[in-house]
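> output the structure for:
(one chain, ligands or ions: 1)
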Amino acid sequence: MRRPLVAGNWKMNGSIASVDSLLSGLSQLKMAKTVDLAVCPSFVFLQQATAALTGSGIKVGAQDCSPVSDGAYTGDISASMLVDQGCALVLIGHSERREYHQEGDALLAEKLATVVTLGLAPVLCVGETREQREAGDAEQVVGEQLRGALMNQSSLEGLVIAYEPVWAIGTGLTATPEQAQAMHAYIRNELASIEGVSANETRLLYGGSVKAANAVELFAQPDIDGALVGGAALDAVEFGKIIDAAAG
Ligand SMILES: O=C(CO)COP(=O)(O)O
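Model prediction:
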């Protein structure tokens, strides 16, 4: 059995004060023993988050990292810095990185290799745009994203995949449970053909306008093993309800 994982992606939101109050809300939640939990704040709040959440059962992750280990890369953050800050996971290839920073599969493959070497769990994000879905290309796009980042890796320890259709992110338009399940089944099938991946053991998260009101139905799908939550993760009570939905 795959253990569910609910992760919050806080994106570029918050201040020291608002993050403090969100963290204190999270630490008051009744933790489900059967669900793995994580939050991914901005880099500048990582230390604040790890200090507040140590021992809480909620892991801390980052939203991105550099593919290289150190050196003259102004503005970048290395994976070893994330380990030093107490991070356990890192998002790789979120659609907002792909779109606003032109991150392509070759770069994402390098990032993935770097983080795995350091023992961080990579959460590889994949997903098609509305135009790609309407053109009937969704599976092909997602398949290429998977193979582009995962082929020829020497290790994929701890790999998690997040399927986030771009048209469902921040739009209030969630994929139906059937649409999400169909893509997750496709992803699991594709993973089975990639060396070094145990398709049946890899957790596949759904992301895109997940909230308490739609989480139960999504989590009831056989290939949906949790969620990567954006907006709803900024509200501790709502996030708590999503965790409860994953606990069943
Ligand atoms: O991009 C997402 C999580 O990484 C999803 O964001 P929303 O839940 O706000 O749609």
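
> pull out the buried positions in stretch 129-138.
Counting neighbours by 16 or more other CB atoms under 10 Å, one finds that the buried residues in stretch 129-138 are 129, 132-133, 138. (Glycine included, C-beta is placed from N, CA and C.)

> nope, stretch 199-209 is what I was after
By 16+ other CB under 10 Å, the buried positions in stretch 199-209 come out as 202-209.

> the ligand contacts on this protein?
Proximity of the chain to the ligand, by CB under 6 Å from any ligand atom, involves residues 9, 94, 164, 169-170, 207-210, 228-232.

> pLDDT wise, what is the residue located most distally from the centre of the chain at?
Most distant residue from the mean C-alpha position of the chain: A72, 28.1 Å away (CA atoms, centre = their mean). As predicted, A72 sits at a pLDDT of 98.

> could you say which helix or strand holds it?
Following DSSP states H and E, one finds A72 outside all helices and strands.

> repeat that for G119.
For G119, there is no host helix or strand (DSSP H and E).

> next, find the distance separating it from A246.
For G119, the distance to A246 (CB to CB, to the nearest Å) stands at 25 Å.

> those two: who's more crowded?
Per other CB atoms under 10 Å, whichever of G119 and A246 has more neighbours is A246, with 23 against 11.

> number of residues surrounding the residue of the chain found nearest the ligand?
Proximity of the chain to the ligand (CB to the nearest ligand atom) peaks at G230, 2.1 Å away. Using other CB under 10 Å, G230 has 22 neighbouring residues.

> equivalent analysis for A17, please.
Neighbours of A17 (other CB under 10 Å): 8.

> which pLDDT value belongs to the nearest residue to M31 once chain neighbours are set aside?
Nearest non-adjacent residue to M31, counting by CB to CB, 6 or more residues apart in numbering: G57, 4.6 Å away. G57 carries a pLDDT value of 93.

> do A62 as well
For A62, the model assigns a pLDDT of 98.

> begin at 22 from here
Done: numbering now begins at 22, and the last item shifts to A83.

> any low-confidence regions in the protein?
Applying pLDDT under 70 to the chain picks out no residues at all.

> longest helix of it, counting residues only.
Using DSSP state H to define each element, the chain has its longest helix at helix 198-212.

> what about the helix or strand following that one, distance to the chain center?
Counting by DSSP H and E, the next helix or strand C-terminal to helix 198-212 is strand 224-228. Relative to its chain's centre, strand 224-228 lies at 7 Å (CA atoms, centre = their mean, to the nearest Å).

> pull up the pairing partners for strand 224-228, direction included.
Using DSSP bridges, strand 224-228 pairs in its sheet with strand 181-184 (parallel), strand 247-250 (parallel).

> and among those, the most buried is which?
Across the strands paired with strand 224-228, averaging neighbours per residue (mean count of other CB atoms under 10 Å) puts strand 247-250 on top, at a mean of 28.

> in what helix or strand does the nearest residue to Q106 once chain neighbours are set aside lie?
Nearest residue to Q106, sequence neighbours excluded (CB to CB, 6+ apart): L67, at 4.4 Å. Assigned by DSSP H and E, L67 falls within helix 67-74.

> within the helices and strands, which one has L145?
Following DSSP H and E, one finds L145 within strand 142-147.
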